[in-house]
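Asks: When you get a sec, could you give me coordinates for this:
(chains A and B, ligands or ions: 2)
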Protein chains: 2
Amino acid sequence: MKIVIISPDHDTRAWEDAMWDENQDLEIEIYPDDTEREKTDFILAWNPPEGVFKHYPNLKVVASMGAGIRHLTKNKSLHAEVTVTKIEDDQLIEDLQYFVLTSVLNYCRNIPYYVIQQQQKNWNRISYHRPKETHVGVLGLGNIGLPVAQLLEKNNFKVSGWSNSEKEIENIDTFAGRDQLPNFLKELDVMVCLLPLTDDTEDILNKEVFNQLPEGAYLINVGRGSHLVESDLLEAIEEGTLSGAALDVFQDEPLPKDHPFWENEKITITPHTASVTQPSSVAHQILENYKNLKQGKELKHTVSRKKGY
Amino acid sequence: MKIVIISPDHDTRAWEDAMWDENQDLEIEIYPDDTEREKTDFILAWNPPEGVFKHYPNLKVVASMGAGIRHLTKNKSLHAEVTVTKIEDDQLIEDLQYFVLTSVLNYCRNIPYYVIQQQQKNWNRISYHRPKETHVGVLGLGNIGLPVAQLLEKNNFKVSGWSNSEKEIENIDTFAGRDQLPNFLKELDVMVCLLPLTDDTEDILNKEVFNQLPEGAYLINVGRGSHLVESDLLEAIEEGTLSGAALDVFQDEPLPKDHPFWENEKITITPHTASVTQPSSVAHQILENYKNLKQGKELKHTVSRKKGY
Ligand SMILES: NC(=O)c1ccc[n+]([C@@H]2O[C@H](COP(=O)([O-])OP(=O)(O)OC[C@H]3O[C@@H](n4cnc5c(N)ncnc54)[C@H](OP(=O)(O)O)[C@@H]3O)[C@@H](O)[C@H]2O)c1
Ligand SMILES: NC(=O)c1ccc[n+]([C@@H]2O[C@H](COP(=O)([O-])OP(=O)(O)OC[C@H]3O[C@@H](n4cnc5c(N)ncnc54)[C@H](OP(=O)(O)O)[C@@H]3O)[C@@H](O)[C@H]2O)c1
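Replies: Ligands and ions are numbered 1, 2, ... in the order given. So this is what the prediction gives:
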């Protein structure tokens, strides 16, 4: 049994250890030092270099090391027949749930404002928002978006959700597709992006969408950096269309030192920390899929190459 | 019907308006311009001047304008027979619930750290705490402390509570009295003070108590400023006994400009904003108590002068 890891930007040792803990017979090779590429059928990858997959003529499965998979599917050398799988992890979902709850409550309680006030030694009270008076809209009602919306609902927020296909969810108003997007947006105080990155959702957080929100709405992006048109956000904050934003993901990560977001007091930056996938908690599902492949069984956590998520 | 308001530090107009909205026949007089003091039997007060009650020989009831009542009972001129009432308000409870949840989640997610990092343009990830791995202890399980503990429990935190009398609460470990305080403290990651201020609880957040917590525990004080020995907190943070604190209440409010708390990066200051009592939401209960007095009925929301809360 051999798995190849392609993740040139990251130290892969924690992944190797986690997989060996699961299976001591496993052979792990790390790109670019892997051998006999024509025999490789299963690759675990994060941000693989463009063109790399052409070296693997018999590749059957590429497993993403995270929940996102666009870093794989945008690679032109990845054949359309190759199965792509993503991470689905209860711990990751729970981490995202509480990260978003934290961000929404901080908006309600003006915490970033008070932290900055403290540095100026200012004792100035501003009014707060109550959960029951705060309407939060979640873009994306998938593995992560749905439980996030439900945790907010459980904490008294008014919650709406938007997805591709129509859904019925208890106590949550749902909207589907581009046609219903304006109706979804028009009453939100807070908009949370938990979409996957696809051709359809790239740049979706843009001026046109911001203008459909009530004035002074707040943005939380925990999807991907490329969902957001960064210059549109700066303009919307400048003009008061949005009152601020909490961003965990960026076009370029780490966020470059000269980026204007750093100095914007209405933007709260966290360093892609909503959830940090622990290899030890997901190695099992990757090896299980590897076994499924070998035994001709159906794979789990596959994505639709056609839909792109 | 006449009510006298004694609150020299504050603009009382919102209170007057709220009470008139409830009862247009009501006469309201504001100390020190009130008349016929020997006839006054009902006073609404916040921080009354020492000695003021000796002018009211027929006083029967003093109603506090907030949840705390020590500003009344510590006044030496307040006769032991006078009934003291406090505010009990569902909105106040809910506001405190979500304020404490926000503070605990911010501890878990290192938000104050990230806000300061952002100003230094630093992209540095530190590990977070999960609710299910975070043990929160609530001091005081009264009108406010109990629902606060329950909201934390509902959000997956491990929760313990401490009170005067023994209690049984679903999914919450309870401890009572000074004897059980060490056992309560010894496993907490976060300690939340929601005690009333009394002779017994003044200065309770002190070095000796901090030393009984696991090293690096975190303090949230939403009780009263005088629960905390401020110099002991600074020392405990300096020595690493505590990892930090979120404080909403202080010995002196507004916190003086030269106070060392302002510049301490491990302390998060909010300007007594956990809950702001809205006169419109509580005027009704005050007037109801006034009617109860006139009709010889039992008053609501009274405090025990003996226990001091
Ligand atoms: N910040 C972080 O640390 C972090 C960590 C993990 C994941 N993430 C991000 O979270 C994303 C979501 O993950 P997931 O596992 O929940 O994905 P998922 O299960 O695939 O769900 C995607 C959701 O988005 C909806 N959707 C997709 N395209 C859409 C479109 N064009 N218009 C409207 N709705 C659309 C889908 O609608 P249908 O239900 O109708 O198909 C579905 O509800 C990931 O892709 C990743 O980018 C971020
Ligand atoms: N920061 C803010 O904006 C804000 C707003 C409102 C209130 N507060 C503060 O919150 C405090 C609590 O209000 P509340 O309405 O919940 O009070 P409460 O209903 O009177 O409850 C007090 C609780 O503290 C416990 N207690 C009292 N003395 C104790 C002692 N010596 N040892 C152990 N436990 C003791 C009581 O135990 P038993 O149950 O056994 O009697 C009870 O559980 C107020 O007094 C006020 O200071 C702050």
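Asks: Could you pull up the residues touching the spatially most central residue of chain A?
Replies: By C-alpha atoms, centre = their mean, chain A has its centre lying nearest to residue A:223, at 3.4 Å. Residues in contact with residue A:223, defined by C-beta atoms under 8 Å, 6 or more residues apart in numbering or on different chains, are A:139, A:140, A:193, A:194, A:195, A:196, A:197, A:201, A:249. From N, CA and C alone the C-beta is placed, and that goes for glycine too.
Asks: go on, residue A:102?
Replies: Residue A:102 touches B:102, B:105, B:106, B:108, B:109, B:111, counting by C-beta under 8 Å, 6+ apart.
Asks: who are the neighbours in contact with residue A:281?
Replies: A:89, A:91.
Asks: tell me the phi and psi of it?
Replies: Torsion angles at residue A:281 (phi, psi; degrees, to the nearest 10) stand at phi -90, psi -10.
Asks: For the stretch 1-150 of chain A, which residues are neighbours of ligand 1?
Replies: Applying C-beta under 6 Å from any ligand atom, we find that the stretch 1-150 of chain A lies next to ligand 1 at A:67, A:68, A:92, A:96, A:140, A:141, A:142, A:143, A:144, A:145.
Asks: where does the one residue in the stretch 151-300 of chain A that gets nearest to ligand 2 land on pLDDT?
Replies: The minimum distance from the stretch 151-300 of chain A to ligand 2, using C-beta to the nearest ligand atom, falls at residue A:156 (18.8 Å). For residue A:156, the pLDDT comes out at 98.
Asks: Run a quick neighbour tally on the closest residue to it other than its chain neighbours.
Replies: With C-beta to C-beta, 6 or more residues apart in numbering or on different chains as the criterion, residue A:156 has its nearest non-adjacent residue at 3.9 Å, and that residue is residue A:131. A count of nearby residues for residue A:131, using other C-beta atoms under 10 Å in any protein chain shown, gives 21.
Asks: Then residue A:38?
Replies: Neighbour number of residue A:38 under other C-beta under 10 Å is 9.
Asks: How about residue A:252?
Replies: With other C-beta under 10 Å as criterion, residue A:252 counts 9.
Asks: measure it to residue A:226 for me?
Replies: 10 Å (C-beta to C-beta, to the nearest Å).
Asks: The residue nearest to the centre of chain A sits in which helix or strand?
Replies: For residue A:223, there is no enclosing helix or strand under DSSP states H and E.
Asks: Phi, psi for residue A:103 please.
Replies: phi -70, psi -40.
Asks: Leaving out chain neighbours, which residue sits closest to it?
Replies: Of all residues beyond its chain neighbours, the one nearest residue A:103 is residue A:246 (4.5 Å), with distances taken as C-beta to C-beta, 6+ apart.
Asks: From residue A:155, how far out is the one you found?
Replies: Separation of residue A:246 from residue A:155 (C-beta to C-beta): 17 Å.
Asks: Those two - which one has more neighbours?
Replies: residue A:246 (26 against 20).
Asks: helix/strand/coil for the residue of chain A found nearest ligand 2?
Replies: Of all residues in chain A, the one sitting closest to ligand 2 is residue A:125 (10.7 Å; C-beta to the nearest ligand atom). Secondary structure, DSSP: H, G, I helix; E, B strand; the rest coil: residue A:125 is coil.
Asks: Let me see the contact set for residue A:46.
Replies: Contacts of residue A:46 (C-beta under 8 Å, 6+ apart): A:6, A:7, A:9, A:10, A:64, A:65, A:66, A:71.
Asks: Apply 6 Å and report the result again.
Replies: When contacts are counted by C-beta atoms under 6 Å, 6 or more residues apart in numbering or on different chains, residue A:46 touches A:7, A:65.
Asks: got it, and residue A:142?
Replies: By C-beta under 6 Å, 6+ apart, the contact set of residue A:142 is empty.
Asks: same thing with residue A:265?
Replies: With the criterion set at C-beta under 6 Å, 6+ apart, residue A:265 makes contact with residue A:116.
Asks: again, only this time at 8 Å
Replies: A:112, A:116.
Asks: repeat for residue A:129
Replies: So residue A:129 contacts A:107, A:108, A:109, A:189 (C-beta under 8 Å, 6+ apart).
Asks: State the helix or strand in which it lies.
Replies: Here residue A:129 is assigned to no helix or strand, by DSSP H and E.
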